[in-house]
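K.L.:
All I have is the shape, not the residue letters:
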Ligand code: 13P
């Protein structure tokens, strides 16, 4: 398998796999440069084809300018993402970062609604909807993060909460631009407990069905849906075998260049 292809109204839609590394609050700008350099060398030694599998890193805000400079100077193919975005474009919002500024730094993707922000910063579905709107407005591609807690899993099952969060984030926009969904069960983040590939595929499938019902089959067929939560080089292939899963959002394992490049080279592990 290489990428997910969906037949839709006699039209073929290809979803390029997306391998995303969320560094969270790890690495200063000097460590960031070293990591991106090592990651790029490792992937180019392995002849990685970025057109067939996109690789994106999400460093802390303070590292982004340094990584942008490195990527530009050395013509690297690693793509830049940011971990958060303000719902406002400018003004008296101390500590917030505008999508306009991120766009100027060649940032392409932005995480919205990561469970750590929903929990630690009390971000609601409405906040996530507004941040998604800010990403659309400023020309960034939001990666909308959704997922259930252990308690929600036990009381509501696996897909109810993530599906409701997706519907809320995508509601009320005048027009939907390009977006990505990341299904990250909260109980699997940083715990070493992973959803099984079958569970991940079922929830990603339900999310795609909900997008189709709300926004039409074309948008659903074109949307990449990622799995996240304790992904490592030795378990990534299981998730990406399913045509419903179009990539992974990786936390801890993205801080190690060898491990993360092993994840980006997931096709090596897939035995058909
Ligand atoms: P881990 O891969 O460390 O479980 O983190 C997942 C995550 O939160 C990525 O956004």
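P.N.:
Perfect, I can see it now. Quantities reported herein were computed from a predicted structural model and do not represent experimental measurements.
K.L.:
need the strands for the stretch 51-200 of the chain, in chain order.
P.N.:
54-58, 79-82, 107-112, 141-146, 180-183 (DSSP state E, counting those that start in this stretch).
K.L.:
quick one: contacts of the second one?
P.N.:
The list of residues contacting strand 79-82 from outside it, by C-beta atoms under 8 Å, 6 or more residues apart in numbering, reads 20, 54-59, 61, 64, 67-68, 71, 97, 102, 105-111, 140, 143. All C-beta atoms are positioned from the backbone trio N, CA, C, and that covers glycine.
K.L.:
10 Å - rerun?
P.N.:
18, 20-23, 36, 50, 54-61, 63-64, 67-68, 71, 97, 99, 101-103, 105-112, 135, 140-141, 143, 249 (C-beta atoms under 10 Å, 6 or more residues apart in numbering).
K.L.:
Check whether that strand comes into contact with the ligand.
P.N.:
No - figure legend: strand 79-82 not in contact with the ligand (C-beta under 6 Å from any ligand atom); closest approach 10.7 Å.
K.L.:
List the strands paired with that strand, with their directions.
P.N.:
Paired strands of strand 79-82, with direction, are strand 54-58 (parallel), strand 107-112 (parallel) (DSSP bridges).
K.L.:
now do the last one
P.N.:
Paired neighbours of strand 180-183 in the sheet (DSSP bridges): strand 141-146 (parallel), strand 224-228 (parallel).
K.L.:
who wins for proximity to residue 190 among the ones you listed?
P.N.:
Smallest distance to residue 190 across those (C-beta to C-beta): 10.4 Å, for strand 224-228.
K.L.:
For the ligand, see how far away residue 154 is.
P.N.:
Going from residue 154 to the ligand by C-beta to the nearest ligand atom, to the nearest Å gives 20 Å.
K.L.:
wait, doesn't that residue sit right on residue 160?
P.N.:
No - contact criterion C-beta atoms under 10 Å: residue 154 and residue 160 do not qualify, at 11.7 Å.
K.L.:
so what sits against both of the two?
P.N.:
Listed contacts common to residue 154 and residue 160 are residue 148; contacts here mean C-beta under 10 Å, 6+ apart.
K.L.:
Lovely, talk soon.
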